[in-house]
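Participant: Below are the sequence and a predicted model; questions follow.
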Amino acid sequence: MGASTVKDAARALPGIAAAGAATLIAWGIHLQVPDAPILTICAALGVVLAQLPGTQGLIRGVFSTGFAVTSTWLLRIGIVVLGLQLSFGTLASLGWSVLVSTVIVAIVGLGVAFGLGRLLRMPGNEPLLLATGISVGGSFAAGAMSGMIGARRREASHPMAVVTLFGAIAMFAVPALQQPLALSDARFGPFVGMNVPSVGAAAAATQFAGGSAVAIAVALLLLRTLMLTPMLAVARARERGQGRPGPRSHAAPLATTLIVIAGFALAVALRSMVALPDAALQAADIAQTALLSMALFALGTAVDIRRLIATGGRGLIAGLLAWALMAALAFGAVQLV
């Protein structure tokens with residue numbers, strides 16, 4: 001192991017340790033209040049920490065490397081392990097209609113968010129970046145599109161912040177809709193997977209409904225993320241047509257996401273084809289809960305509410321209306337199919 005690798009690992013330790021400590025605190029709270037899901041508690045702890053006076057220096061300083069590792073790599077590993085909670089039989093029971101409905105809801109959300117962004121006169125490429133993040137795959141998708149079209153950093157920061165905020169809101173608001181909408185656990189997973197903006201938010205929002213609902217919600221959100229591939233191809237062709245080759249900064253994160261999706265599928269295949277012992281499944285469940293909890297705490301620390309308020313409300317209005325429409329369409333879809 002080289003000196004630089006050791007140095008990078010040392011820089012990451014404080015942030016990883018902080019995320020681990022937050023997970024242990026959340027576990028303790030959950031033991032006292034079983035109705036409070038661990039993932040949601042961790043996300044809430046992260047959001048609260050980010051708003052406290054003086055914490056931004058720690059989040060952007062000594063904890064930054066560890067939080068970056070936790071919110072990316074641990075999240076990806078957790079998603080792959082989550083695949084062991086799902087089988088091809090459960091996916092097949094959803095039917096093609098659910099998969100087609102998921103794509104339709106995402107396409108409608110994309111068009112509405114983009115149109116509202118233009119109508120509200122959001123500047124430059126912000127409407128496209130906001131629409132991509134809301135409808136397809138959260139701040140990652142918005143960042144990948146930003147890299148493809150060569151958006152300025154200032155231009156990309158507002159839509160990505162709005163999408164991150166909506167992901168945080170979804171963790172707390174969406175679970176509260178299950179009972180008023182009379183959605184069974186079997187329908188709640190698809191409902192969340194069709195409209196919630198990000199993988200982490202989908203996992204946290206469905207934890208009330210059980211491991212199978214979490215896995216289904218994540219699977220459908222990964223399906224939406226796959227839509228990013230043709231979208232980036234169209235964006236690249238457009239940039240070339242205008243004589244701008246465009247940066248390639250999207251390629252590495254997109255390839256990583258495809259690997260995560262493949263890993264998730266392999267885990268589902270393993271669960272479907274091999275009779276895994278109960279002890280192994282329980283260990284996998286604990287592992288994915290711990291990994292996702294740490295990742296959600298780190299993601300929660302990225303929500304800076306004061307900064308969002310300072311940047312204006314046009315993106316918030318456009319994103320909220322598009323997300324509300326996606327939720328309404330998702331509810332109609334799970335009722336019909």
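Facilitator: Received the coordinates, thanks.
Participant: so what's residue 30 closest to, chain neighbours aside?
Facilitator: For residue 30, ignoring the flanking residues on the chain, the nearest one in space by Cβ to Cβ, 6 or more residues apart in numbering is residue 38 at 4.8 Å. Every residue, glycine included, has its C-beta placed from N, CA and C.
Participant: which regions of the stretch 51-200 of the chain lie under the pLDDT threshold?
Facilitator: 153-155 (pLDDT under 70).
Participant: how about the helices of it, start to end?
Facilitator: 55-60, 64-69, 75-82, 88-94, 96-119, 126-132, 138-149, 153-173, 185-195, 199-205 (DSSP state H, counting those that start in this stretch).
Participant: starting at the chain centroid, how far to the next helix or strand after the last one?
Facilitator: Moving toward the C-terminus from helix 199-205, the next helix or strand (DSSP states H and E) is helix 211-226. On the basis of Cα atoms, centre = their mean, to the nearest Å, the separation between the geometric centre of helix 211-226 and that of its chain is 10 Å.
Participant: again with stretch 40-52
Facilitator: On Cα atoms, centre = their mean, the centre of stretch 40-52 falls 16 Å from that of its chain.
Participant: For that stretch, report the contacting residues that lie outside it.
Facilitator: 22-23, 25-26, 29-30, 55-56, 59, 168, 171-172, 175, 200, 204-205, 207, 293-294, 296-306 (Cβ atoms under 8 Å, 6 or more residues apart in numbering).
Participant: go with 7 Å
Facilitator: Stretch 40-52 is contacted by residues 22-23, 25-26, 29-30, 55, 59, 168, 171-172, 204, 207, 293, 296-301, 303-305 when judged by Cβ atoms under 7 Å, 6 or more residues apart in numbering.
Participant: picking up where we left off before, for the residue nearest to residue 30, list the residues it contacts.
Facilitator: 26, 27, 30, 289, 293.
Participant: at 10 Å instead, please
Facilitator: 23, 26-31, 204, 207, 289-290, 292-293, 296 (Cβ atoms under 10 Å, 6 or more residues apart in numbering).
Participant: try residue 27
Facilitator: 38, 41, 42, 289, 290, 293.
Participant: Neighbours of the fourth one, how many?
Facilitator: Using other Cβ atoms under 10 Å, residue 289 has 25 other residues around it.
Participant: Start and end of stretch 190-210, how far apart?
Facilitator: One end of stretch 190-210 sits 13 Å from the other (Cα to Cα, to the nearest Å).
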